[in-house]
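**Q** fold the following, please.
(one chain, ligands or ions: 1)
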Amino acid sequence: MTAQETELFERIKAYGGPGRNVGNTLDFYPSDDFLIQLTVEYNAESASVFTMGKDAHFLWVGTRDTIILPIALYEGEHEILIKHTHPRGTESPSRFDIEWLVKSQNNGSPQIKSLILPIGKNRISFNRNTPYL
Ligand SMILES: [Zn+2]
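**A** Just a heads-up that it's a prediction; the model follows:
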């Protein structure tokens, strides 16, 4: 992790853990390692999201099984799910992951694919046609 990420990680710990199912602004694009460490520490999915229209990075943290990520919070914006972790190491997208991507595209999002970081395994890419678990 970068010094900036280590500092943020310490702040999250001092705060008692990350907020759940809410986007927190990040002034940087988080590394895979940062999301993985956060996931392992709190046993929760974490995601790097870029909001088009606001042009800002956000960190989302969910639960062990999912993240409730909106399609678009505001008119004219698109939430781009750059990558998210799978705490249990599942190397496939979930039905929810695929449905989210399809809904985003139906809402005008230009996002074609996204990355999954399965804990303990190599990252994978998925699109709307990837078989889900
Ligand atoms: Zn997922």
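
**Q** quick one: the helices in this protein?
**A** Using DSSP state H, the helices of the chain run over 3-14, 32-42, 95-106.

**Q** redo those as JSON lines? Include mean neighbour count and mean pLDDT.
**A** The C-beta positions use only the backbone N, C-alpha and C, and glycine is treated the same way. Formatted as JSON lines, these follow (neighbours: other CB atoms under 10 Å; pLDDT from 0 to 100):
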{"stretch": "helix 3-14", "mean neighbour count": "13", "mean pLDDT": "96"}
{"stretch": "helix 32-42", "mean neighbour count": "18", "mean pLDDT": "97"}
{"stretch": "helix 95-106", "mean neighbour count": "17", "mean pLDDT": "96"}
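
**Q** now these as CSV including distance to the ion?
**A** Rendered in CSV, the data for these read as follows (distance: least, CB to the ion, whole Å):
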stretch, distance to the ion
helix 3-14, 21
helix 32-42, 11
helix 95-106, 4
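
**Q** is it possible to export those to CSV including distance to Leu133?
**A** Below are the helices of the chain laid out as CSV (distance: least, CB to CB, whole Å):
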stretch, distance to Leu133
helix 3-14, 29
helix 32-42, 18
helix 95-106, 8
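
**Q** what's the closest of those to Ile68?
**A** helix 95-106 (9.3 Å; CB to CB).

**Q** so which elements touch that closest one?
**A** strand 78-86, strand 113-118, strand 124-127 (3 or more CB pairs under 8 Å, 6 or more residues apart in numbering; DSSP states H and E).

**Q** for those, which one sits closest to Asp27?
**A** Comparison of the helices and strands packed on helix 95-106 against Asp27 by CB to CB identifies strand 78-86 as nearest, at 15.4 Å.

**Q** the closest one - what's its average pLDDT?
**A** Confidence over strand 78-86, taken as the mean pLDDT, stands at 97.

**Q** mind listing what it pairs with, with the direction of each?
**A** Applying DSSP bridges, strand 78-86 is found paired with strand 46-52 (antiparallel), strand 113-118 (parallel).

**Q** enumerate every residue touching the nearest residue to Asp65 once chain neighbours are set aside.
**A** For Asp65, the nearest residue in space outside its immediate sequence neighbours is Glu45; the separation is 7.4 Å by CB to CB, 6 or more residues apart in numbering. By CB atoms under 8 Å, 6 or more residues apart in numbering, the contact list for Glu45 reads Thr39, Val61, Gly62, Thr63, Arg64, Asp65, Thr66, Ile67, His84, Thr85, His86, Pro87.
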